[in-house]
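> Turn this into a structure:
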Amino acid sequence: MPAFVRFGSIARVPLTLILLLPVWIACGDGTTDPNGTVTALSVTPDSADVRVGETLQLQARATLSSGATVRAENVSWTTQDPTIASIASSGLVTALAGGKATIVATTANRTAQARIVALRPLAVLVAPDTVRLAEGTTVQLAAQIQYEGGIVRPATNLSWQSLDNTAATVGSNGVVLARAPGLAIVLATAEGVMGEMLIRVPGWFSVPPLPLPLRAGHAAAVAGKLYYIGGNSGGEDYEATNYVYDLRTRTWLGATPMPTARDQGATAVLGESIYIIGGINPAAPNNGFSRLYINEAFSSAIGNWLTRAEMPTARSARADTLNGQIYVVSGTTVVEHYDTVEVYNPATNSWSVGPSIPTIRSSFALGSIGGKLYAAGGEVPGGAATGSLEIFDPLAGSWSSGPPLPTPRFVVASVVLDNRLIVLGGFVAGSGILAIVEAYDPATDSWSALPSMPEARREARAAVLAGAIFVIGGVSEGGISSRVDAFIP
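As a prediction, the model looks like this:
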């Protein structure tokens, strides 16, 4: 029987219970354990990803002087980044915006932290983003998700889709199979966001035709879209139409028409604008022997046209950009041929005169490569075809000669791709309409043959979109054409 202690006449608790009291009082340190004081505090989990709008329950654990680890009580929770994540008194975190947040738990003068990454998905990043894939071969794609705040994580539960299964298919595992020449956009979707990559399968392939058969119009690619503007649909029918091709939907749509209907204008792209300068329409005002002075620019950013300073010499010519300016080279009217080079400066909306081209020509190939202009082929006064290649160096301020185009011809289409001037189709007396494709490489100062077009055409126009050459409209043996073919070297 335990001994009792009396103070006066009042009985007190047993002495053994008194000796135990200090241990029970120690539980005032904020824990549920009666066997020690808090020596350390931790938060579980101490780091975590939380999608924006979702929650995560945190737990604080206390380490006691006895070595025991117990759930901490009377914990004060705070967030150091309240715009990224909030924290309730219960330890429940809510992700508010993309970024990183530090959550702090405090009890018994001890603190601990948890690192929270709040994830708001922005896009899927697909790697590689572009692949040239030979027909019949495969490539494995991988994907990550980009989140707000510059955070990137591996993507899971991906959905894959090819927008052109004729060119390439993709499996649920992200393996792409190239099936036939063409361009295929491959989509990857996860967490409600999307990313894409491009498959290029080399060779010629068919593209949906223009809504209207047209010749000698104006082709350009800008801001991921392909445009074909104006042209002639037969006889005196000059068009102001503006067709835009969407690679994702593989369809032609209408855009704001050109203010002045015409064909055979000089076309150049500068920034997000397409400039169409000069050309032909006998019914247009200020036509100058049926050729135009008019300079109009289509802004793809606003979807509208601006009228710019008129070209000094009305004519049908060719143009390209060089050092932020547009060079309009040589050309013709109904009765005259010009060696003129006129230079348009969009910054000042003004014109200046450049060094004349040695060989007067029209309907030729023109391209800007490595800070120089290259002019090849064309029709010379008298109607003959030339193969002459002439090169303008703006630093020297003069023209020089290069190896001639192997097949002299005019009314050609031309583009610059992979630092080569590529000349497509055309016409030459005695041979008729041509399907020939030849490329000049300044690095080797030589010409090479590329696979011929599927159909011979003259007065077609060409532009490069997504690494493919699109050859649009023109005249075939059957007349004015709406045909569109594309080629990936």
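
> can we go C-alpha only for contacts and neighbour counts from here?
Noted.

> Which strand residues bridge the residue nearest to residue 53 when sequence neighbours are not counted?
Residue nearest to residue 53 in three dimensions, not counting chain neighbours: residue 95, with 5.5 Å by Cα to Cα, 6 or more residues apart in numbering. Taking DSSP bridges, one obtains residue 85 as the residues bridged to residue 95.

> I'd assumed residue 52 was in contact with residue 95.
Yes: with contact defined as Cα atoms under 8 Å, residue 95 reaches residue 52; the gap is 4.7 Å.

> which of the two has more neighbours?
residue 95 (27 against 20; other Cα atoms under 10 Å).

> circling back to that earlier point, what's the pLDDT at the residue nearest to residue 53?
As predicted, residue 95 sits at a pLDDT of 96.

> overlap in contacts of residue 95 and residue 52?
118, 119 (Cα atoms under 8 Å, 6 or more residues apart in numbering).

> which residue sits closest to residue 353, ignoring its sequence neighbours?
Residue 353 sits nearest to residue 342 (Cα to Cα, 6+ apart), 4.6 Å away.

> For the one you found, give me its contacts.
Contacts of residue 342 (Cα under 8 Å, 6+ apart): 311, 312, 327, 328, 329, 351, 352, 353, 354.

> Recalculate using a threshold of 7 Å.
327, 328, 329, 351, 352, 353, 354 (Cα atoms under 7 Å, 6 or more residues apart in numbering).

> Specify the next element, helix or strand, located C-terminal of the helix or strand hosting it.
Using DSSP states H and E, the secondary-structure element containing residue 342 is strand 341-345. For strand 341-345, the following helix or strand on the C-terminal side (DSSP H and E) is strand 350-354.

> Paired strands for that following strand, with orientation please.
Strand 350-354 has these strand partners (DSSP bridges): strand 341-345 (antiparallel).

> from the chain's centre, how far out does the partner strand sit?
30 Å (Cα atoms, centre = their mean, to the nearest Å).

> go on, stretch 366-373?
For stretch 366-373, the distance to the chain centre is 23 Å (Cα atoms, centre = their mean).

> If we go by neighbour counts, what in that stretch is buried?
366, 367, 368, 369, 372, 373 (16 or more other Cα atoms under 10 Å).

> And the closest residue to the fifth one other than its chain neighbours, how far from residue 382?
Spatial nearest neighbour of residue 372, excluding adjacent residues (Cα to Cα, 6+ apart): residue 393 at 5.1 Å. Going from residue 393 to residue 382 by Cα to Cα, to the nearest Å gives 28 Å.

> so where is the stretch 201-350 of the chain shaky, pLDDT-wise?
284-290 (pLDDT under 70).

> First residue to last residue on stretch 127-145, what's the distance there?
End-to-end for stretch 127-145, by Cα to Cα: 11 Å.

> Please spell out which residues along it are buried.
Here stretch 127-145 shows 129-130, 132-135, 138-139, 141-145 as buried, counting by 16+ other Cα under 10 Å.

> Report the two of those separated the most.
Greatest spatial distance among the buried residues of stretch 127-145 (Cα to Cα): 135 and 145, at 29.6 Å.

> Quick one: residues contacting the residue nearest to residue 163 when sequence neighbours are not counted.
Excluding its sequence neighbours, the residue lying closest to residue 163 (Cα to Cα, 6+ apart) is residue 185, at 5.5 Å. By Cα under 7 Å, 6+ apart, the contact set of residue 185 is 162, 163, 164, 196, 197, 198, 199, 248.

> what lines up beside the host helix or strand of residue 185 in the sheet?
Element membership of residue 185, judged by DSSP H and E, is strand 182-190. Applying DSSP bridges, strand 182-190 is found paired with strand 159-162 (antiparallel), strand 193-201 (antiparallel).

> tell me the mean pLDDT for it?
pLDDT averaged over strand 182-190 gives 98.

> Using PDB, list the CA coordinates for that strand.
Output in PDB follows, covering the C-alpha atoms of strand 182-190 (Å, rounded to 0.1, in the frame of the first residue of the first chain):
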ATOM      1  CA  GLY A 182       4.700  14.400 -97.700                       C
ATOM      2  CA  LEU A 183       4.500  16.600 -94.600                       C
ATOM      3  CA  ALA A 184       2.900  15.200 -91.400                       C
ATOM      4  CA  ILE A 185       2.300  17.200 -88.300                       C
ATOM      5  CA  VAL A 186       2.300  14.900 -85.300                       C
ATOM      6  CA  LEU A 187       0.400  16.000 -82.200                       C
ATOM      7  CA  ALA A 188       1.000  15.000 -78.600                       C
ATOM      8  CA  THR A 189      -1.600  15.700 -75.900                       C
ATOM      9  CA  ALA A 190      -1.400  15.400 -72.100                       C
END
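
> quick one on the thing from earlier: out of residue 393 and residue 382, which sits in the busier spot?
Per other Cα under 10 Å, whichever of residue 393 and residue 382 has more neighbours is residue 393, with 14 against 7.

> Surely the more buried one and residue 374 touch.
No: using Cα atoms under 7 Å, residue 393 makes no contact with residue 374, being 9.3 Å away.

> Show me what the helix or strand containing residue 118 is packed up against.
Assessed by DSSP H and E, residue 118 sits inside strand 110-119. When contacts are defined as 3 or more Cα pairs under 7 Å, 6 or more residues apart in numbering; DSSP states H and E, strand 110-119 packs onto strand 38-44, strand 47-51, strand 99-107.

> Identify each buried residue in that strand, please.
Buried, per 16+ other Cα under 10 Å, within strand 110-119: 111, 112, 113, 114, 115, 116, 117, 118, 119.

> Relative to residue 317, which of the residues you listed is nearest.
Among the buried residues of strand 110-119, and counting by Cα to Cα, the member closest to residue 317 is residue 119, at 54.9 Å.

> how about that closest one, what does it touch?
By Cα under 7 Å, 6+ apart, the neighbours of residue 119 are 49, 50, 51, 52, 98, 99, 147, 148.

> As JSON lines, those with distance to residue 422 would be great.
Formatted as JSON lines, these follow (distance: Cα to Cα, whole Å):
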{"residue": "49", "distance to residue 422": "52"}
{"residue": "50", "distance to residue 422": "53"}
{"residue": "51", "distance to residue 422": "50"}
{"residue": "52", "distance to residue 422": "51"}
{"residue": "98", "distance to residue 422": "48"}
{"residue": "99", "distance to residue 422": "49"}
{"residue": "147", "distance to residue 422": "42"}
{"residue": "148", "distance to residue 422": "43"}
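
> Which ChimeraX command selects the buried ones in the residues you listed?
Only the buried entries of the contacts of residue 119 go into this ChimeraX selection, using 16+ other Cα under 10 Å:
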select :50,51,52,98,99,147,148
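
> And the contacts of residue 119, which is closest to residue 478?
Closest approach between these and residue 478, by Cα to Cα: residue 147, at 54.5 Å.

> Now the closest one. Its backbone dihedrals?
phi -110, psi 160 (degrees, to the nearest 10).

> My guess is it contacts residue 124. True?
No: with contact defined as Cα under 7 Å, residue 147 does not reach residue 124; the gap is 9.0 Å.
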